[in-house]
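>>> structure for the following, please:
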Amino acid sequence: MNTPHDDAARGRRPHRIDPSGGCPHAENARLLAEGAVAPVILPGEIEGMAVLGHDALRDFLSHPDVAKSPQHFTALTEGRIPEGWPLRTFATVPGMTTSDGADHRRLRTLVSSAFTARRVEELRPRVETVTAGLLDGLAEAAGTGDGVADLRRHYALPLPLGVICELLGVEAAHQDRLHHLSGLIVATDTEPARAVAANREVLALLASIAGEKAAAPGDDLTSALIAARDEDGDRLSEPELIGTLLLLLIAGHETTMNLVTNAVRALCTHRDQLALVTEGRATWSDVVEETLRWNSPVSYFPFRYATRDLTVDGTLIPQGTPVLAGYSAAGRDTKAHGPDADRFDLTRTTTVKHLSLGHGPHYCLGAPLARMEAAIALEALFTRFPDLDLAVPESELHRHAGFVGNSVRALPVRPGG
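Here you go, the predicted structure:
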C-alpha cells in the first residue's frame, strides 16, 4: 500500500463528480488510465478521493488504518458539512456502515442471523411465489401499454422491496412511500431542503414501525432486533435500531433492483450470452456474477476515511478525507480482469473475484439474499418470456439520478409471448 509518491507529485487535477450521474464507464476508464486512485470534488465543494483500481480498492477496503466512523471525517467534525448535504446520511446514520471494530462486530452479529445461507434458502419458496405473481403483473402491464412495460417498475423493484419489507415486518401500505424516500436519500442531486425533509420523514416512519413492533412483536426481523441482546447483554439503542432498519431497507432493495435491471439490459443486448444460459452452457448464477462485475449496481459508495495519511498505489490519501469505493470502475479494471474487461462474457476465465458486494469486515451482509433473488428473477423472467427485449435502443435509456446507484431510471421492455 505504501509507496513514496503522492498525488501532488503526479500533478493530477481533481475530478468533479456530477451529482446527477452520467455514464460511469467512460468516466471510469478515463480516470483509471491516470491511476488507481483519483482526487475528487464532491457536492458542496468538499474534497474527497475515489479508489478505482481493483487491487487498490481490495487493499483499501481491508486496511487496518481505514475506518467508517464519522468521527474520522474531518470536514464533518469541523462543522463544514451542512445538514442538507446530499451525502450526509451515508456518513452519519447510526449502524453497521458507520461503525468500526468491536462496535461494528456487535451490530453485525445482532443482524447476521437473518442472512445466513440456511435462512436465505428458507426464503426461496417465498421469493419464487412473489416472482411468479410479478411476472403476471408485467404481462398485464405490457398488455395495456402497446406491448411495452417498464421492467424496473413492475419487476426489478417490487421483488426485493417486497421481500425485505416482509422480512422486516413492514406492512405493504408503507412500501411505496419508503421506496420513494429511500430514493431521495440515495440520489446525490437531491436539493438540501428536500433531503432534510426526506430523512426526517423516513426516520419518523421507521420509528413508528419499530414502536408498533415493540408493543406487539411479530415473527419478523424488526421484532427480533428489538428483543435481541448480544453475548454481553447489550441490545440496539433506539438510534442504532432505526439506522439499522434504514440500512436494511435501502441496501435490501436498491442494490438488487439495480442488479436485476442491469442483468436484463446485458442479456437483451448480448443475445449470444443469453443463449449460453438457455442452452445450459452457463448458469443464471454466472449471469449474476458477471453483471456484478461488468455493470456493478453501485458505482461510488460513500464513505471510508484514512485514520492517518496513507499512500495507496502511489497516491496520498490525507487523514480524514472522505473516500468513495469505486466499484463499477474496479469491475472493469483491465489490470485485474484482462484487456477485454469491458466485455460482458459469461465464460470469462479470470480467477480474480469482483468487489461489487464489498470486501473485508464490511462485506455486504445481504449478499446471499441478493444473489438468490437475482438468479430466481432472471431465470423466471426469461423462462416465461424467452423473446423479451428492450423496447428502445439502449442509448435512449436515462441513467439513474446520482453517482451512488448505477442503473437506469426505467427499462421499457417488450415481453413478447
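>>> following the chain onward from the top helix by length along the chain, which element is next?
When the chain is parsed with DSSP state H, its longest helix is helix 238-268. The helix or strand immediately downstream of helix 238-268 is helix 271-278, counting by DSSP states H and E.
>>> which outside residues touch that next one?
For helix 271-278, contacts defined as C-beta atoms under 8 Å, 6 or more residues apart in numbering pick out 266-268, 282-284, 286-287, 344-347, 382, 386. (Glycine included, C-beta is placed from N, CA and C.)
>>> what subset of the residues you listed is buried?
In the contacts of helix 271-278, burial by neighbour count holds for Ala266, Leu267, Cys268, Ala282, Trp284, Asp286, Val287, Phe344, Asp345, Leu346, Phe382, counting by 16 or more other C-beta atoms under 10 Å.
>>> which residues touch the second one?
Okay, so that is Leu267. Gln273, Leu274, Val277, Val287, Leu378, Phe382.
>>> ok so, going back, buried residues of the longest helix of the chain, list them for me.
240-268.
>>> cool, stretch 194-208 as well?
By 16+ other C-beta under 10 Å, the buried positions in stretch 194-208 come out as Ala195, Val196, Ala198, Asn199, Val202, Leu203, Leu205, Leu206.
>>> may I see the contacts of Leu267 arranged in JSON lines, with pLDDT as well?
Listed next are the contacts of Leu267 as JSON lines, based on pLDDT from 0 to 100:
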{"residue": "Gln273", "pLDDT": "98"}
{"residue": "Leu274", "pLDDT": "98"}
{"residue": "Val277", "pLDDT": "98"}
{"residue": "Val287", "pLDDT": "98"}
{"residue": "Leu378", "pLDDT": "98"}
{"residue": "Phe382", "pLDDT": "98"}
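>>> show me which of these is closest to Glu191.
For these, the minimum distance to Glu191 (C-beta to C-beta) is 35.8 Å, reached by Leu378.
>>> roughly how far does the residue nearest the centre of the chain sit from Ser356?
In the chain, the residue lying closest to the centroid (C-alpha atoms, centre = their mean) is Thr255, at 3.9 Å. Distance, Thr255 to Ser356, using C-beta to C-beta, to the nearest Å: 9 Å.
>>> between those two, which contacts overlap?
Pro297, Val298.
>>> got any ranges where the chain has weak pLDDT?
1-11, 229-233, 417 (pLDDT under 70).
>>> next up, the contacts around the closest residue to Leu346 other than its chain neighbours.
Counting by C-beta to C-beta, 6 or more residues apart in numbering, Leu346 lies nearest to Ala282, which is 4.2 Å off, once chain neighbours are set aside. Taking C-beta under 8 Å, 6+ apart, we find Ala282 in contact with Gln273, Leu276, Leu346, Thr347.
>>> so for stretch 175-187, what gets flagged as buried?
Counting neighbours by 16+ other C-beta under 10 Å, one finds that the buried residues in stretch 175-187 are Gln175, Leu178, His179, Leu181, Ser182, Gly183, Leu184, Ile185, Val186, Ala187.
>>> how far is that stretch from where the chain is centred?
14 Å (C-alpha atoms, centre = their mean, to the nearest Å).
>>> any idea how far apart the tips of stretch 224-234 sit?
In stretch 224-234, first residue to last residue: 14 Å (C-alpha to C-alpha, to the nearest Å).
>>> wait, I meant stretch 296-307
28 Å.
>>> my read: Ala251 touches Leu369, true?
No. Counting by C-beta atoms under 8 Å, Ala251 stays clear of Leu369, with 10.2 Å between them.
>>> thought Asp333 was touching Gly53?
Yes. Look at Asp333 against Gly53 with C-beta under 8 Å: they come within range, at 5.3 Å.
>>> who touches both of the two?
Counting by C-beta under 8 Å, 6+ apart, the residues touching both Asp333 and Gly53 are Leu32, Ala36.
>>> show me what stretch 19-37 is in contact with.
Taking contacts as C-beta under 8 Å, 6+ apart, the residues outside stretch 19-37 that touch it are 7, 10, 12, 15, 38, 43, 49-53, 55-57, 86, 188-189, 295, 299, 312-315, 317, 326, 328-329, 332-333, 342, 399-403, 406.
>>> let's see that with 6 Å instead.
Applying C-beta atoms under 6 Å, 6 or more residues apart in numbering, the external contacts of stretch 19-37 come out as 15, 38, 43, 51-53, 56, 188-189, 299, 312-313, 315, 328-329, 399, 401-403, 406.
>>> same check, this time on stretch 198-211
Residues contacting stretch 198-211 (C-beta under 6 Å, 6+ apart): Thr89, Val170, Leu181, Leu184, Ile185, Leu241, Ile242, Leu245.
>>> these: which two are farthest apart?
Going by C-beta to C-beta, the pair spanning the contacts of stretch 198-211 furthest: Leu184 and Leu241, at 21.7 Å.
>>> picking that back up, could you export the buried ones among the contacts of helix 271-278 as JSON lines, including distance to Arg108?
Below are the buried ones among the contacts of helix 271-278 laid out as JSON lines (distance: C-beta to C-beta, whole Å):
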{"residue": "Ala266", "distance to Arg108": "32"}
{"residue": "Leu267", "distance to Arg108": "34"}
{"residue": "Cys268", "distance to Arg108": "37"}
{"residue": "Ala282", "distance to Arg108": "33"}
{"residue": "Trp284", "distance to Arg108": "29"}
{"residue": "Asp286", "distance to Arg108": "29"}
{"residue": "Val287", "distance to Arg108": "29"}
{"residue": "Phe344", "distance to Arg108": "33"}
{"residue": "Asp345", "distance to Arg108": "34"}
{"residue": "Leu346", "distance to Arg108": "32"}
{"residue": "Phe382", "distance to Arg108": "35"}
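>>> widest-spaced pair of those?
Largest separation among the buried ones among the contacts of helix 271-278 by C-beta to C-beta: Asp345 and Phe382, giving 18.1 Å.
>>> name the nearest residue to Leu135, ignoring sequence neighbours.
Ranked by C-beta to C-beta, 6+ apart and with sequence neighbours excluded, the top spatial neighbour of Leu135 is Arg384, at 5.0 Å.
>>> tally of neighbours for the one you found?
Arg384 is flanked by 17 other residues according to other C-beta atoms under 10 Å.
>>> all strands for this protein, in order.
For the chain, the strands defined by DSSP state E cover 15-16, 37-42, 46-51, 66-67, 149-150, 300-306, 310-312, 315-317, 322-326, 389-390, 412-414.
>>> nearest to Gly133, out of those?
strand 149-150 (14.7 Å).
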